[in-house]
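> coords please:
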Amino acid sequence: MALALTNDERAELERRTRSRTIAAEHARRARVILMLADGSSYSTIEATVPCYRDFINRWRRRFVAEGLEGLVSHHYSQPPSVLTPAMEARILEKTRQAPPDGSTHWSTRKLGRVLKINHNHVANAWRRAGLQPHRFARYMASDDPDFEAKAADVIALYLNPPQHAAVFAVDEKTAIQALDRLDPVLPLSPGRAERHGFEYYRHGTLSLFAALNTATGEVVGKTVPRHTSAAFVDFLTTVVTDIAATEIHVILDNLSTHKTKAVAAFLEEHPQVRLHFTPTYSSWLNQVELWFAKIERDLLARGIFTSVTNLAQRIRMYIRHYNKAAKPIRWSYSNPAHRISSTSAYTGH
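Model prediction:
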């Protein structure tokens, strides 16, 4: 049975079908009502508009009940929520508690479901508070009873070294593997990262001694099959050779190879050299560790080496190129308790 339209209703519906400014969905609804009023069958309307039978029935019922006003969508959704201070406090308090499902940390959606709020509110609250539950950092507390005195000694060498003295940060990177991939490397391309085969062949390992000149940033490096006390003494000899300085200060950790009789004999032969040991579990005080992290990122982590000899050659080449544009490290230290004075000059004690 055809719909009955008044002249005003028909004129308005025809205007909507011709309009270029109203939403296309509103024009579709108007067209359906006009075709029903003209007696078109449901099959004809479905093929012409196009639409489904449920669409036709829905807007027919709405038009019969409410007229032109029934062709306007009615949304009964809840009003948008707002991140209030009280809600933000709830989010931050819950974030510091363990999730009830046994997982180690919250995600925005997981916490949003528990608090029955939008996950975007959780993300905004975390961002404002500087919280990142998906991240964590490791630390190791030093148990050295002389931590403060040793740390102050090293910091003073960095920030205010003695005049006419050279300061070197020395350490060794051990067990560097010469790994060779069995499958060819697929190079990077737009939208795809470089890909390495899972299987590899291990040719062997070597150790790398490195001494970072804290004044210039230049590195003296030497590769050895194993890090022994004799190899360490040979490396120290290489470092101090041709150094025109009245004093040479060497910062290093507490490895046993650094405290042998051979090292003591070396110090007797080179009275201008002084060793400064960092506190236990405090490798972050040694600037050369920053350089080790750099060579790990630049060369070792993704490098492909056909032999131990090839690995040693690549390391030496990297050091040569690095030294061409070496810069001193802008190192700083801050302690919330302000227990260590980092501004005093090195005293030699």
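> partner strands of the lengthiest strand in the chain, with direction?
As assigned by DSSP state E, the longest strand anywhere in the chain is strand 165-181. Taking DSSP bridges as the criterion, strand 165-181 forms sheet pairs with strand 200-213 (antiparallel), strand 247-252 (parallel).
> which residues does I319 contact?
I319 makes contact with 219, 221, according to CB atoms under 8 Å, 6 or more residues apart in numbering. Yep, even glycine has a C-beta here, placed from its N, CA and C like the rest.
> if I've got this straight, it is in a helix?
Yes: assessed with DSSP: H, G, I helix; E, B strand; the rest coil, I319 lies in a helix.
> could you identify the helix or strand that succeeds the helix or strand encompassing V32?
Counting by DSSP states H and E, the element that carries V32 is helix 24-37. Next along the chain after helix 24-37, taking DSSP H and E as the criterion, comes helix 42-48.
> tell me the buried residues in that next one?
Neighbour counts over helix 42-48 (16 or more other CB atoms under 10 Å) mark 42, 45-46 as buried.
> name the residues that touch it?
With CB under 8 Å, 6+ apart as the test, helix 42-48 has contacts from 32, 35-36, 40, 51-53, 56.
> drop anything exposed from those.
Judged by 16+ other CB under 10 Å, buried ones among those: 32, 35-36, 40, 51, 56.
> which one of those residues is nearest A156?
Nearest to A156 among those, counting by CB to CB, is C51 at 81.4 Å.
> now do the same contact list for the closest one.
C51 is in contact with 28, 32, 45, counting by CB under 8 Å, 6+ apart.
> quick check: the second one touching R61?
No: with contacts counted by CB atoms under 8 Å, V32 stays clear of R61, the gap being 11.8 Å.
> next, the buried residues of stretch 24-31.
Buried-residue list, stretch 24-31, by 16+ other CB under 10 Å: 27-31.
> what sits up against it?
Applying CB under 8 Å, 6+ apart, the set of residues contacting stretch 24-31 is 12-14, 16-17, 19, 49, 51, 59, 71-72.
> okay, and which of the residues you listed map to helices?
Among those, the members found in helices (DSSP state H) are 12-14, 16-17, 59.
> now render these as TSV, adding neighbour count.
Below are those laid out as TSV (neighbours: other CB atoms under 10 Å):
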residue	neighbour count
E12	15
L13	21
E14	13
R16	20
T17	15
W59	19
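> farthest-apart pair in these, please.
It's E14 and W59 that sit farthest apart of the ones in helices among the contacts of stretch 24-31, by CB to CB, at 16.2 Å.
> surely I56 is in contact with L36?
Yes: I56 is within contact range of L36, at 7.4 Å (criterion: CB under 8 Å).
> for the closest residue in space to A326 that isn't next to it in sequence, pull up the helix or strand it's in.
Spatially, and ignoring its direct neighbours in sequence, A326 is nearest to G217 (3.9 Å; CB to CB, 6 or more residues apart in numbering). Assigned by DSSP H and E, G217 falls within no helix or strand.
> repeat that for the one 10 residues further on.
Element membership of H227, judged by DSSP H and E, is empty: it is in no helix or strand.
> neighbours of the residue nearest to it when sequence neighbours are not counted, just the number please.
With CB to CB, 6+ apart as the criterion, H227 has its nearest non-adjacent residue at 4.2 Å, and that residue is S207. S207: 18 surrounding residues under other CB atoms under 10 Å.
> what does the one 5 residues further on give?
Neighbouring residues of L212 were enumerated by other CB under 10 Å; the total is 27.
> give the contact list for it.
By CB under 8 Å, 6+ apart, L212 lies in contact with 168-170, 218-219, 287-288, 291, 329.
> can you check L255 too?
Contacts of L255 (CB under 8 Å, 6+ apart): E172.
> where's it relative to E93, distance?
For L255, the distance to E93 (CB to CB, to the nearest Å) stands at 46 Å.
> got it, and M140?
Counting by CB to CB, the gap from M140 to E93 is 30 Å.
> if we can go back for a sec, L275: which of the contacts of C51 is nearest?
Of all the contacts of C51, L275 sits closest to R28, with 84.7 Å by CB to CB.
> and that closest one, how far from A178?
69 Å.
> same check, this time on T205
Computed as CB to CB, the T205 to A178 distance reads 7 Å.
> quick check, pLDDT for the most centrally placed residue in the chain.
Centrality entry for the chain: nearest residue to the mean C-alpha point is R135, 9.0 Å, by CA atoms, centre = their mean. At R135, the model reports a pLDDT of 94.
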